Each structure stands twice: as structure tokens, then as C-alpha cells.
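A.B. asks: structure here, sequence nowhere to be found:
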């Protein structure tokens, strides 16, 4: 449904900030209604890490595989129809196998690592990968310098994110987060250009984990200032629906941080950084409390089960952006 | 058949110098009749190269996979039952795919590259790999420093060996060979120890390519002096049978270098460096000419089609060594 209002919104450009699975779903929806020139998908790189000699970018790759229609929908990560012969053989050799690297997925990491070692930036390597995979839209890493999300856990340890997330299956109780290197990092040129685009109509924070997928993007030096200077509303989509995270440890983290596991609490977390908030119909009763924070609120269907759901939510967000 | 003579030979230790496929077959045969303490298999590393960020050792791996009973007998390289999802995906990304890296094979290269980057020597990495693959015997790289076999070709170019061998399928006409870095290299500690073993009974040059698999091993500084000082005969097995190389470009190289493609020409190539030469029954008529070079000659079946053939040839070589 493209009415006059959304048609007008569709003429402007959009910056989508995304983490992994949930964010990638909305990014895919946006890519179905916006042209290449109208969409900049910025992926979190705080969960990037070096592993068995390879430079691995889980969120960037989830977005890439999703837009290339290669993503493994059952696993929620990696490629569809993936095989595991490399990992089985590595395990036999006593190599590290806790991070599940599929045979096809390996090609991305080897290709990217080689590109980086040859002096290309992560943005340039990503451009090559996405173009080779036939993706028309731009997928841009939030920055080209290493920023490493670290998880403070109850024991007092500061854990590398993938150790917390994959190796230890989010079991340790979190007490906070740090983004190593972020004060020395700057947004990638592509991210900067996207935020200063004269035709910018919306900044959409996709339904990704607020703490470990979105905060590293927003906390990059200069990003909030650019967002505030932009003549476009910033709209976040709640990753919490009916008190649960659709995917991943967001709700568990909120509980451990002493926050209610609600869309309202997510809105409070983003307060002062967003203009609009999109919540699910299941959370409609919270709309007034969110509006009371000074955040305009849209209640709609936010569960993205089908491709049409993704497109519908993308259109709803763009239409919502028009209302500011 | 282990008679009194070979039983005595079997009590001594043996150093086997090997390149890829043919050499690995005899090394496997030797491993079936000699204990771990009695056998040091030295693999050529002149054809090692860095490729897509990985340190790849084709001869070392062929010997390793052969002794682990993992080798791909149809291809003559790589692992049995190998899959190619990594390479297909790399090709799609526009990565270099001329060197066929299977999914399981990749684990070896990734594991080794990581080990080397962590400061292990190639010998140490090889020990880890062979032990994890359940190999009882020692497989030792000829050296722990980079030595790169280069092929002089007719056009005047000096080609990296794998570019000549795999990428260009041995098509360029060779005019000679160089071993880059060899004058600064020294044999690995394991190789040195093997050659100075007090119990050494034989040094066996397996039926590998004399120019690109054996010469780099023999030309390492100090190796020929150690071989001459050893109280054991050096015996080479001809890789040329009936005027043909069993596998690989040895015969083609001999032709291009202006040499007859015969076992006799191989013996002449090794003259002054070996005490004994093993030729196939098909070449029996050359025995007298080889003996005339001052090289004691054994005529036997050298074609290794079955495991029993490998064992029989190993025993024949060890028995032959006893006769010096």
C-alpha cells in the first residue's frame, strides 16, 4: 500500500541502522520499497572479531546474506544449505570450533580478510562482497576501524562479545557494556555521507538489540550530533514485543540490568535520541506512557514472519516518518 | 617377506625424502614395515606458498593425508570425499579459485596458518596436525624457513611453482629451476637429527620429481655433507618407468631440459649424490649403464598400485640398503 503520503516519503532517502537478524529483516523490507539511491543500510561492527586468523563481521554478514537471499532462516545466521566439512575437519585437528563457520560462510571471511590485508577498508571489502552477491543496495559498516563490544558480567570479568554471545550462549549475567576503541573511531565515510544527505527523510533504528547492536552505532563519535543536525526524524522499532525479545538476549539483558522487559523500557533507553518509536499491537497499552516521554508512537504489526510483513513494516515506518 | 637380511635392515632407522604423490606412496609402505622410532619422513617444502592469506604446503599435506589414510586417490591430492562449497562461494565472490582448496583441506591450512602466526615452527605445526590425524610416524618438513621453488620458463619468466604447476598446468616449457631463499635456509632440527642418527641404516629418495621435489631437499645447506658423513647408503627410486613419469611433469621437464626421459638420465642427475638406484623391471636393460656410473642398481617392481606394492617396494629398498 503506497498512498500519497508514503509515496512522498518514498522519494526521500533513508538511513537504516541494523544489527543482525531482526534488523536485517526490516532492512530487507526497506530494500524492497526504496531504490539503491534512497537507502543506506548501516551495520553494527561492534561484534566483529578476529578468529582463527580471519576477520569476522557477524552483523554485516547477516545483513548481506539476508539481502542476497542467502540467509539461513532456520539458524538465524550463516548461509542457507550450509555445509560443515571445514569445521568438522578443524575440530579433528583440535582447532577452535565453538564459532560455527560453514563452508560457504568461510569464503566471505577469507575473501574479506585477504582484502583487508591487501589494504582495502572494511567498507571497500563489503562493497565488493555485496556487489558480487548481486545486492543492489548499499550495505555500509558503521566504521572502518576496530570497535569491540565487551560485556561486563557478574563475575567482574569483561568478556569479548562473541565469547559471551556464542561460546557461552549468553549465560553469564550482564552488568554493563563497553565499546573498546570507540573514542578513537569515527563513522565510515559512507555512514557520514548517509547522515548528511540533503534528501534524508528518515533514520530508522531497526529492531535490533539496543545495548549491543544499536548503542555501538549511536555512540560512535559524531553520530548523535549528525543525527540531531539532520532534517529527518529518527525512529526506532521496538525489538521487545509483549515482554519478549523476538530473537537474541535483549530481554534477558534488560532483566539483568534491572530494567522491565518492555517496549516502554526500550523507549526510555532511547529517550533523547529518537523522535518516534514503533511498537507492536501487543504493546498498544504502553503507547501513552511512551508518548509521555516526548516520543511520538506508532502502534502497528511489527512481527516479521513473511516477506510481506517486512515490506509492510518498512512502509509503515516510512509513512510514520512523514508525519513529523 | 622379511628374511634375515631385511630383518636386520628393519632394526636400523631410515630417512625417507619425499615430494608429493609418488613419494608419499613409498613413505606409506615404509611406515608399514618400520616403527615410529625407525622412520623419519622428510617432506619437500619448496612448493609451499602463501595463497588467499593461508600458508599451504602441498607435499607435506599429501604425505600427511596419505599416512592418515585420508588422501584422495582419484585426484592425487587433497582429501578423500572432499567437498567444494568453500571454493564455489569464493569463486562467486571473485576470489582466486585456481588452486583447488577443498572444505576439509581448508581446515589444515587455517589451522597451520594460525599456528605459524602464533609463533610455532612449521615442524611444530606439522607435529600437531599429524598427531591429531592419528599418524604414528614422524613427518618432518625439510626446513622451517621459506624456500620457494621457482621455475625458469622459455619466455624468460621466473614462475612461482604453484603458478607453473597448478594454475598453468605445467604448460610453459621449463629451462631450469631456482630455490629462492635456500642459501639462507637450514634443514629443520628434525631433518638434521634424522641424518645424524647413530642407528641410521638407509637414506631413501622416494620416487618423486628429481628437479622440484628432491633437489630442494638435497640442496639445503649442509644436507649433502650430512648425507656423505652418514654411515648409511643413499638410495633413490626412479620416478621414471619405461620412459614415462608415473605422475606429474618429471618426464615433460626432462624433455624440455634436453635430457632423455629415462631412468638412466635420472640416475645421471643423481650421480655423485646416491649410492644405489632402484629401477623398474621395465627398465632392466639400463641396469648395466647405471652400474657403470658407479651406482649400484636394483631391478624390481616399482609400480605401486596396491598397498602391498608399497610395502613390497619399501622392503626391497631396505633389503637393498643392507647390501652396501
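C.D. replies: Yep, that arrived. From a predicted model like this one, the values you see are computed outputs, not experimental measurements. Numbers count the residues shown, from 1 in each chain, chains lettered A, B, ... in the order given.
A.B. asks: what's the separation between the nearest residue to residue A:103 once chain neighbours are set aside and residue A:78?
C.D. replies: Nearest in space to residue A:103, with sequence neighbours left out and distances taken as C-beta to C-beta, 6 or more residues apart in numbering or on different chains, is residue B:85 at 3.7 Å. Where you see a C-beta, it was placed from the backbone N, CA and C, and this is true even at glycine. Per C-beta to C-beta, to the nearest Å, residue B:85 is found 12 Å from residue A:78.
A.B. asks: residue A:161 too?
C.D. replies: 17 Å.
A.B. asks: which stretches of chain A aren't confidently modelled?
C.D. replies: For chain A, the stretches with pLDDT under 70 are A:1-10.
A.B. asks: near chain B, which residues of it?
C.D. replies: A:52-54, A:79, A:82-83, A:85-90, A:92-95, A:102-108, A:110-111, A:113-114, A:117, A:128-129, A:132-133 (C-beta under 8 Å from any C-beta of the partner chain).
A.B. asks: of those residues, buried ones?
C.D. replies: Restricting the residues of chain A next to chain B to buried positions leaves A:52-54, A:79, A:82-83, A:85-87, A:89-90, A:92-93, A:95, A:102-108, A:110-111, A:113-114, A:128-129, A:132-133, with burial counted as 16 or more other C-beta atoms under 10 Å in any protein chain shown.
A.B. asks: filter those down to the ones in strands?
C.D. replies: residue A:54 (DSSP state E).
A.B. asks: from the buried ones among the residues of chain A next to chain B, which land in helices?
C.D. replies: Within these, residues falling in helices by DSSP state H are A:85-87, A:89-90, A:92, A:103-108, A:110-111, A:113-114, A:128-129, A:132.
A.B. asks: mind listing what's buried in stretch A:162-173?
C.D. replies: In stretch A:162-173, counting by 16+ other C-beta under 10 Å, buried: A:162-166, A:172.
A.B. asks: JSON lines for these, including distance to residue A:237 and secondary structure?
C.D. replies: Output for the buried residues of stretch A:162-173, formatted as JSON lines (distance: C-beta to C-beta, whole Å; DSSP: H, G, I helix; E, B strand; the rest coil):
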{"residue": "A:162", "distance to residue A:237": "25", "secondary structure": "helix"}
{"residue": "A:163", "distance to residue A:237": "28", "secondary structure": "helix"}
{"residue": "A:164", "distance to residue A:237": "24", "secondary structure": "helix"}
{"residue": "A:165", "distance to residue A:237": "21", "secondary structure": "helix"}
{"residue": "A:166", "distance to residue A:237": "25", "secondary structure": "helix"}
{"residue": "A:172", "distance to residue A:237": "28", "secondary structure": "coil"}
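A.B. asks: give me the number of residues near residue A:98?
C.D. replies: 12 (other C-beta atoms under 10 Å in any protein chain shown).
A.B. asks: how much space separates residue A:48 from chain B?
C.D. replies: 17 Å (C-beta to the nearest C-beta, to the nearest Å).
A.B. asks: tell me the contacts of the nearest residue to that residue once chain neighbours are set aside?
C.D. replies: Leaving aside its sequence neighbours, residue A:48 sits nearest to residue A:57 (C-beta to C-beta, 6+ apart; 4.7 Å). By C-beta atoms under 8 Å, 6 or more residues apart in numbering or on different chains, the contact list for residue A:57 reads A:43, A:45, A:47-48, A:112, A:122, A:126, A:141.
A.B. asks: just residue A:196 next, same as before
C.D. replies: A:226, A:229-230.
A.B. asks: ok, now residue A:208?
C.D. replies: Residue A:208 neighbours (C-beta under 8 Å, 6+ apart): A:17-20, A:22-23, A:44, A:214, A:239.
A.B. asks: what pairs with residue A:71 across the strands?
C.D. replies: Residue A:71 has these beta-bridge partners by DSSP bridges: residue A:79.
A.B. asks: I figured it hits residue A:24, correct?
C.D. replies: Yes - contact criterion C-beta atoms under 8 Å: residue A:71 and residue A:24 qualify, at 7.3 Å.
A.B. asks: intersection of neighbour lists for these two?
C.D. replies: residue A:62.
A.B. asks: mind listing the helices in the stretch 201-324 of chain A by residue range?
C.D. replies: Counting by DSSP state H, counting those that start in this stretch, the stretch 201-324 of chain A has helices at residues A:215-218, A:223-229, A:250-256, A:263-270, A:287-291, A:307-322.
A.B. asks: which one, of these, ends up nearest to residue A:243?
C.D. replies: Taking C-beta to C-beta, helix A:250-256 is the member of those nearest to residue A:243, at 7.1 Å.
A.B. asks: what's the closest one packed up against?
C.D. replies: strand A:174-180, strand A:240-241, strand A:244-245 (3 or more C-beta pairs under 8 Å, 6 or more residues apart in numbering or on different chains; DSSP states H and E).
A.B. asks: deepest of the ones you listed, which one?
C.D. replies: strand A:240-241 (a mean of 22; mean count of other C-beta atoms under 10 Å in any protein chain shown).
A.B. asks: hmm, back to that, which among the contacts of residue A:196 gets closest to chain B?
C.D. replies: Checking these against chain B by C-beta to the nearest C-beta gives residue A:226 as the nearest, at 31.9 Å.
A.B. asks: nearest spatial neighbour of that closest one, skipping sequence neighbours?
C.D. replies: Nearest non-adjacent residue to residue A:226 (C-beta to C-beta, 6+ apart): residue A:195, at 4.1 Å.
A.B. asks: check contacts around that neighbour.
C.D. replies: Contacts for residue A:195 (C-beta under 8 Å, 6+ apart) come out as A:15, A:187, A:203, A:223, A:226-227, A:230.
A.B. asks: also residue A:176?
C.D. replies: Counting by C-beta under 8 Å, 6+ apart, residue A:176 has contacts A:152, A:257.
A.B. asks: bridged to it, which residues?
C.D. replies: Here residue A:176, judged by DSSP bridges, has bridge partners residue A:152.
A.B. asks: one step back: from residue A:107, how far off is the residue nearest to residue A:103?
C.D. replies: Taking C-beta to C-beta, one finds residue B:85 at 8 Å from residue A:107.
A.B. asks: equivalent analysis for residue A:307, please.
C.D. replies: Remark: distance between residue A:307 and residue A:107 (C-beta to C-beta) = 26 Å.
A.B. asks: tell me which residues touch residue A:80, please.
C.D. replies: Counted by C-beta under 8 Å, 6+ apart, residue A:80 has contacts A:70-73.
A.B. asks: same thing but 6 Å
C.D. replies: A:70, A:72 (C-beta atoms under 6 Å, 6 or more residues apart in numbering or on different chains).
A.B. asks: how about the backbone phi and psi for it?
C.D. replies: With angles defined as degrees, to the nearest 10, residue A:80 sits at phi -60, psi 150.
A.B. asks: what about residue A:285, neighbour count?
C.D. replies: Residue A:285: 10 neighbours (other C-beta under 10 Å).
A.B. asks: okay, the helices and strands packed on helix A:250-256 in JSON lines with distance to residue A:266 next?
C.D. replies: Below are the helices and strands packed on helix A:250-256 laid out as JSON lines (distance: least, C-beta to C-beta, whole Å):
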{"stretch": "strand A:174-180", "distance to residue A:266": "15"}
{"stretch": "strand A:240-241", "distance to residue A:266": "5"}
{"stretch": "strand A:244-245", "distance to residue A:266": "10"}
